[in-house]
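In: Pasting a predicted model and its sequence here:
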Amino acid sequence: MGKIYKIVTVPAKTLRQRSVEVDPKSIGTPEFQSFLDDLIATMDSQSSPAGIAAPQVGRNERIFIVNERWGPKVFINPEIEVLSEAIVESEEGCFSVPGVWGIVPRAKKVRLKALDRHGRKMEIVARAFEAIVLQHEFDHLEGVLFIDKMTHTTKGENTKSV
Ligand SMILES: [Zn+2]
């Protein structure tokens, strides 16, 4: 069981800063591993979570979690590459921007290279919903929020937040 952080919300400065790379040597430390558990516990404490990024708990480091069907997946120092020109538009919400939902255009297919929670290199190709979540989380590490990219607001009745 991890510690539940308070989610940082707009207009907090940590949401607008570029996060720094994690030193790969620190990944194996108990402090870092328990931070990952705390970040996952914090994500799980929210309603309908699809993911969470470290800046959302006030820590400007390049780490995010995506809530996959089989469980949480950790991405450290991710690099993103757009693999298709096709754009998908879907409704997004964010724990750090309470009460706002909107339509955001995103690339349909992306490749992510990152380190996993054990510091091992990994690479995934994601499409559709997973690709959207990855782009939303990656943006958090750059200090970018979905409200910067949304074309219009919606009611957000069935949307997972990230
Ligand atoms: Zn978000």
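Out: Sure thing, it's come through. Just so you know, these numbers come straight off a predicted model, no measurement behind them.
In: In a helix, residue 2, correct?
Out: No: counting by DSSP: H, G, I helix; E, B strand; the rest coil, one finds residue 2 to be coil, located in no helix.
In: so what's it scoring on pLDDT?
Out: We have a pLDDT of 81 for residue 2.
In: Hmm, residue 43 and it touching each other?
Out: No: taking Cβ atoms under 8 Å as the definition, residue 2 is not a contact partner of residue 43, at 9.7 Å. Bear in mind the C-beta positions are built from the backbone N, C-alpha and C, glycine included.
In: okay, the two: which has more neighbours?
Out: residue 43 (27 against 16; other Cβ atoms under 10 Å).
In: So that one belongs to a helix, correct?
Out: Yes: assigned with three-state DSSP, residue 43 falls within a helix.
In: quick one: it from the ion, how far?
Out: 11 Å (Cβ to the ion, to the nearest Å).
In: again, but for residue 48
Out: 13 Å.
In: distance of that residue from residue 63?
Out: Noted for residue 48: a distance of 21 Å to residue 63, by Cβ to Cβ, to the nearest Å.
In: the more surrounded of the two?
Out: Set side by side, residue 48 and residue 63 show more neighbours around residue 63, with 29 against 11, by other Cβ under 10 Å.
In: show me what contacts that one?
Out: For residue 63, the contact set (Cβ atoms under 8 Å, 6 or more residues apart in numbering) comprises 19, 22, 36, 39, 53-54, 74-76.
In: beta partners of it?
Out: Beta bridges link residue 63 to residue 76 when assigned by DSSP bridges.
In: hmm, who's touching stretch 73-88?
Out: Applying Cβ under 8 Å, 6+ apart, the external contacts of stretch 73-88 come out as 21-22, 24, 27, 36, 40, 62-67, 105-117, 119, 125, 128, 131-132, 134-135, 137-138, 141.
In: now stretch 147-155
Out: Contacts of stretch 147-155 (Cβ under 8 Å, 6+ apart): 10, 89, 91-92, 94, 97, 100-105, 139.
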